[in-house]
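**Student:** Everything below, folded, please.
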Amino acid sequence: MQRPCNAKIVATLGPASADRVTIEALVRAGTDVFRLNFSHGTHADHQQRLELIRAVEADIGRPIGVLLDLQGPKLRVGTFAGGPVQLVEGAAFRLDLDRTTPGDATRVPMPHPEIFAALQPGADLLLDDGRLRLRVERSGADFAETRVIAGGLLSDRKGVNVPGVVLPLSALTVKDRADLDFGLTLGIDWIALSFVQRAADITEVKAIVQGRAGIVAKLEKPAAIDSLDAILAETDAVMVARGDLGVEMPAEQVPAIQKRIVRACRKLGKPVIVATQMLESMVGAPVPTRAEASDVATAIYDGADAVMLSAESASGRFPVQSVAMMDRIIAQTEADPHYRDAIDASHTQPAANTADAIGWAARSVAGLLDVAAMVAYTSSGSSALRMARERPRASILGMTPSRSTARRLALVWGVTPVLCKDVMNVSDMTELAVDTAVKLGFAQPGQTLVIAAGMPFGTAGTTNLLRIAQID
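**Tutor:** Residues are numbered from 1 along each chain as shown. Next up, the predicted model:
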């Protein structure tokens, strides 16, 4: 079962979608990659869901990617002695490390010495997803005296955001390390790293993963945007996590930042996922708002590799309908004549290296000869990524002898991943590409294929061959 759309769908699994029947329905509705959110659920829960995904994958015959989303460090206030308190605008409020004394209307414990170490007078603290705002007037190694700028009700263990401050925290907690190790033993395809602030956060995870999965940097902190180029150079893919980004930055800035990130990823040829609240109203309603449909379409017009559903598919009342709706929005958008105009207008020149030159040449040949399909024969996925970077009009077959590579390519724009046998020479590769394209319905006799590969075969990252094949 092949997907007709270029942009891909990432669907989060949860209580509303954890059974075999629903998972298969989600795949048939358009899901390409499943997200396992390790902020919730046990290892046993996630293992069972992964096993069901693999069983559905075997039945349907299409590689399906799985993304493990690590929780990351969660910064929270402590508890209150008498329940929620009302913070009044203009009032003083203290945060400290005294965990033994519950909070009240004048103070609360905040068990995160890293935050106090980074605070300076004038810095803001956002509580409860930005609903409350405190401004630091004085701070030390174990306390911060603040003034309430925006008040409201504050209850136990609400989240804390520190916009504009790079915190001396690793993006990996003890829990994350255990979750990561567990996921790698299961054969996870992608690892999403939360709370990325700097390129070194990606480097730390890559040293543990050692190529066993692709790394997705979740961009949800202003510090990450300030270090965008360095992070993109280090990561394998990116997620625009608009939830926390919209808390720590003014909401009106998020659309421009989203576009900036998508453009930067497209220029480098790295997959980019646009996430958070895309069809939020479908958590409880069978149809989205018109604004939500436009939001999804905007990401598609910009050329994002994938769009993601969170609560809509994990805990909402209409998980399958949410995926089906997103699939219809993608299909309708990509059928719009202006879609291709927008994609072509936003195309950037490739880098001056062999792999990008082959990708650029393949796109040029495909446009000039009106080819039936483009084929990337790849062991690591690199050849397919270089083709996808060019956002060609023709479909891309990502043919690989590696099952893990095929699953990772399920995230990439325009690529239909195909698991195939090893080839020994160019003649075998061409014959296999032609037979596969015809068998899957991408081409027929008399048409032309453009094939890219790396030689010697089986060597990762060596895209250096372009071949034009006529189908007899």
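**Student:** wait, Ile396 sits on Val371?
**Tutor:** No. Using CB atoms under 8 Å, Ile396 is not in contact with Val371; the gap is 11.0 Å. For every residue, glycine as well, the C-beta is placed using N, CA and C.
**Student:** So those two - more neighbours on which side?
**Tutor:** The residue with more neighbours, out of Ile396 and Val371, is Ile396; 30 against 23, by other CB atoms under 10 Å.
**Student:** Helix, strand or coil: sort out the more buried one for me.
**Tutor:** The three-state label given to Ile396 by DSSP: H, G, I helix; E, B strand; the rest coil is strand.
**Student:** That one and Phe442, how far apart?
**Tutor:** From Ile396 over to Phe442 the distance is 10 Å, taken as CB to CB, to the nearest Å.
**Student:** what do these two both touch?
**Tutor:** Ala373, Thr416 (CB atoms under 8 Å, 6 or more residues apart in numbering).
**Student:** How are the helices of the stretch 351-472 of the chain distributed by residue range?
**Tutor:** Listed in chain order, the helices of the stretch 351-472 of the chain (DSSP state H, counting those that start in this stretch) span 354-369, 382-389, 403-409, 426-439.
**Student:** Tell me which of the ones you listed is the most buried.
**Tutor:** Highest mean neighbour count of the helices of the stretch 351-472 of the chain: helix 382-389, a mean of 28 (counted as mean count of other CB atoms under 10 Å).
**Student:** how about the helices of the stretch 351-472 of the chain in JSON lines, adding distance to Phe457 and mean pLDDT?
**Tutor:** Formatted as JSON lines, the helices of the stretch 351-472 of the chain follow (distance: least, CB to CB, whole Å; pLDDT from 0 to 100):
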{"stretch": "helix 354-369", "distance to Phe457": "15", "mean pLDDT": "93"}
{"stretch": "helix 382-389", "distance to Phe457": "11", "mean pLDDT": "96"}
{"stretch": "helix 403-409", "distance to Phe457": "14", "mean pLDDT": "98"}
{"stretch": "helix 426-439", "distance to Phe457": "7", "mean pLDDT": "95"}
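**Student:** Need these in a markdown table (columns: distance to Glu292).
**Tutor:** Below are the helices of the stretch 351-472 of the chain laid out as a markdown table (distance: least, CB to CB, whole Å):
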| stretch | distance to Glu292 |
| --- | --- |
| helix 354-369 | 32 |
| helix 382-389 | 26 |
| helix 403-409 | 28 |
| helix 426-439 | 36 |
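**Student:** Out of these, flag the one nearest Gly303.
**Tutor:** Nearest to Gly303 among the helices of the stretch 351-472 of the chain is helix 382-389; the distance by CB to CB comes to 10.1 Å.
**Student:** and the closest one, what other elements does it pack with?
**Tutor:** Under the contact criterion of 3 or more CB pairs under 8 Å, 6 or more residues apart in numbering; DSSP states H and E, helix 382-389 touches helix 354-369, strand 373-377, strand 395-400, strand 415-419, strand 448-454, strand 463-470.
**Student:** For stretch 263-271, the averaged confidence score.
**Tutor:** Averaging pLDDT along stretch 263-271 yields 97.
**Student:** what ranges do the helices span in the stretch 1-150 of the chain?
**Tutor:** So, for the stretch 1-150 of the chain - with DSSP H, counting those that start in this stretch - the helices run 20-29, 43-60, 113-118.
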